[in-house]
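Q: no FASTA, just this:
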Ligand SMILES: Nc1ncnc2c1ncn2[C@@H]1O[C@H](COP(=O)(O)OP(=O)(O)OP(=O)(O)O)[C@@H](O)[C@H]1O
Ligand SMILES: [Mg+2]
């Protein structure tokens, strides 16, 4: 009897200490979470509060006037749209293709490991360096000039590492059982990849796409060197035209034009944020559609 | 009559020899069981029959595997065509994350069947053959992952049957299933042997005794004995076989 009481006491004691540690750790993790989330909310909230008064239909549908101090930012929106869509078109097939090659076809060994390391390192190269590379290769060497196509190709190079790495992870996470099942009924390797592996990996691949789009839409340095124009109050006629783009426009209105009203700066920032949000939303919807159709 | 003949088959994973001079024949329209302790090479042997080991790197194979009189490791043999004739069902039910219908139609689609009516017919026939039609006919367009484990495994059998194979290879097809689902599959196998040749790996002596006509006993990569199942279980030639089937074996 006595012994069991003692036992019970020790059990309770231990429990309490454990619960305290538990509480402290929980508080710590909550703090970490807040430390991450609060700045994000603050930034977004700040831009929304300051910009929401400016953003209306005429702001997003009109040309800039009066040295960009009045009117809308339509050409910059259109320019960024063109650039993002172009970037996706160039980088997605190429990146996914490279990932398929690396995971499904290439003989795994020193060479593939080297390629993987190279790809990872590319992700860490400063974006201005990509800009310089794009300037040299697409603008001058290939003669595209400062143009949408040169900008989109440069941005595509920039986000290729993200697309490749996430696609590779997604493809690798498809269970081998599916591949075997497909091959066992006489499907070829390519059919197996196309009909079984890719649909199943698509949600993961799109996650990489989403990350890439966010970066492509927001980068300033690469487009500065390859496509972005200071001020063109008209729509592009072809892929070889220069365009205005939101991030660069934001830089200009914030620092390059004296006497620029605050509202235009925050309005532009908010539109950029909103545009990235819309792209995220579209990609997320596609992602969900794939997820539902495969599970 | 034999449909597959294996002569002096060696298989190496790198330096490790997983099969040693295996000689056996698989009889047409019979059920052949492969038994033996874990790691003795049953799955490895089964996978040499439809060249699934091709997928693994560093595999080296010597010897001969003849299917309907043709060497399947011939340079210019069409592996895809071979796998259409020799279907496979795996240990873990692995239906695609697609609808029930699309799972069964998957193989026929890959070899060019496009007509909806033909596909409908193949799907229905295969599901009936796999004794699954009644249970799924109202949910053909629902995801296959919503089926029970036993139903999923029968779906995988239907998926293999849709190709009208000659041979069906099964690697412990019931080891992930409960006794009732296991019974259903065993009954099914007994039905299927009228039209198909079946090679089945099993860890259950009872299963081997119940459903198979011939039994191959493997030990450490060697085929110790192959004979009629009755013979193997009542009067084996080799002492090691006797020890194993009577459960005296580690
Ligand atoms: N991909 C591989 N690479 C290297 N060795 C392997 C590979 N697959 C199997 N082996 C080895 O080959 C031997 C035979 O394996 P196998 O899977 O054929 O055995 P099994 O009889 O099917 O066993 P179990 O009853 O556990 O399924 C084992 O020793 C195993 O470790
Ligand atoms: Mg096995």
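A: Cool, got the structure. Everything numeric in this text was worked out from a predicted model, so none of it was measured. Residues are numbered from 1 along each chain as shown, chains lettered A, B, ... in the order given. Ligands and ions are numbered 1, 2, ... in the order given.
Q: Contacts only, for the residue nearest in space to the middle of chain B.
A: The centroid of chain B falls nearest to residue B:169 when counting by Cα atoms, centre = their mean (1.6 Å). By Cβ atoms under 8 Å, 6 or more residues apart in numbering or on different chains, the contact list for residue B:169 reads B:46-47, B:49-50, B:86-89, B:199-200. All C-beta spots, glycine's among them, are computed from the backbone N, C-alpha and C.
Q: so of those residues, which ones are in strands?
A: For the contacts of residue B:169, the ones inside strands are B:86-89, B:199-200, with DSSP state E as the criterion.
Q: okay, those residues in TSV with distance to ligand 1 and neighbour count next?
A: Compiled in TSV, the ones in strands among the contacts of residue B:169 are given as follows (distance: Cβ to the nearest ligand atom, whole Å; neighbours: other Cβ atoms under 10 Å in any protein chain shown):
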residue	distance to ligand 1	neighbour count
B:86	17	26
B:87	19	27
B:88	14	25
B:89	14	26
B:199	13	26
B:200	12	26
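Q: and of these, the nearest to residue A:139?
A: Nearest to residue A:139 among these, counting by Cβ to Cβ, is residue B:88 at 54.8 Å.
Q: thinking the closest one is in contact with residue B:48, fair?
A: No - Residue B:88 lies out of contact with residue B:48 (Cβ atoms under 8 Å); the separation is 11.8 Å.
Q: Run through the helices of the stretch 101-250 of chain A in chain order.
A: A:110-123, A:127-134, A:148-172, A:176-184, A:189-192, A:198-218, A:221-226, A:246-251 (DSSP state H, counting those that start in this stretch).
Q: no no, chain B
A: Along chain B, counting by DSSP state H, helices occupy B:42-49, B:79-85, B:100-110, B:116-129, B:133-136, B:149-161, B:179-192, B:205-211, B:229-234, B:239-245.
Q: Residue A:211: which of the ones you listed is closest?
A: Closest approach to residue A:211 among those (Cβ to Cβ): helix B:100-110, 31.0 Å.
Q: which regions of chain B sit below the pLDDT cut-off?
A: Applying pLDDT under 70 to chain B flags the ranges B:249-250.
Q: and it, which residues reach ligand 1?
A: For chain B, the residues in contact with ligand 1 (Cβ under 6 Å from any ligand atom) are B:13, B:16, B:18, B:36, B:38-44, B:56.
Q: hmm, which of these are the buried ones?
A: Listed as buried from the residues of chain B next to ligand 1 are B:18, B:36, B:40-44; burial here means 16 or more other Cβ atoms under 10 Å in any protein chain shown.
Q: which one among the residues you listed gets closest to residue A:233?
A: Scanning these for proximity to residue A:233, where the rule is Cβ to Cβ, the winner is residue B:43, at 70.3 Å.
Q: List the residues that contact the closest one.
A: With Cβ under 8 Å, 6+ apart, residue B:43 has these contacts: B:171, B:201.
Q: And it, how close does it get to residue B:172?
A: Per Cβ to Cβ, to the nearest Å, residue B:43 is found 8 Å from residue B:172.
Q: Find the residues that touch each one of the two.
A: With Cβ under 8 Å, 6+ apart as the test, residue B:43 and residue B:172 both reach residue B:201.
Q: Ramachandran coordinates for residue B:68?
A: Dihedral pair for residue B:68: phi 50, psi 40, per degrees, to the nearest 10.
Q: does any part of stretch B:67-76 sit near chain A?
A: No - Stretch B:67-76 stays clear of chain A (Cβ under 8 Å from any Cβ of the partner chain), getting no nearer than 13.7 Å.
Q: hmm, who's touching that stretch?
A: Defining contact as Cβ under 8 Å, 6+ apart, one finds that stretch B:67-76 is touched by B:3-4, B:49, B:51, B:61, B:64-66, B:77, B:82, B:85-86, B:166-167.
Q: Just flag the most distant two among the residues you listed.
A: It's B:61 and B:166 that sit farthest apart of the contacts of stretch B:67-76, by Cβ to Cβ, at 21.4 Å.
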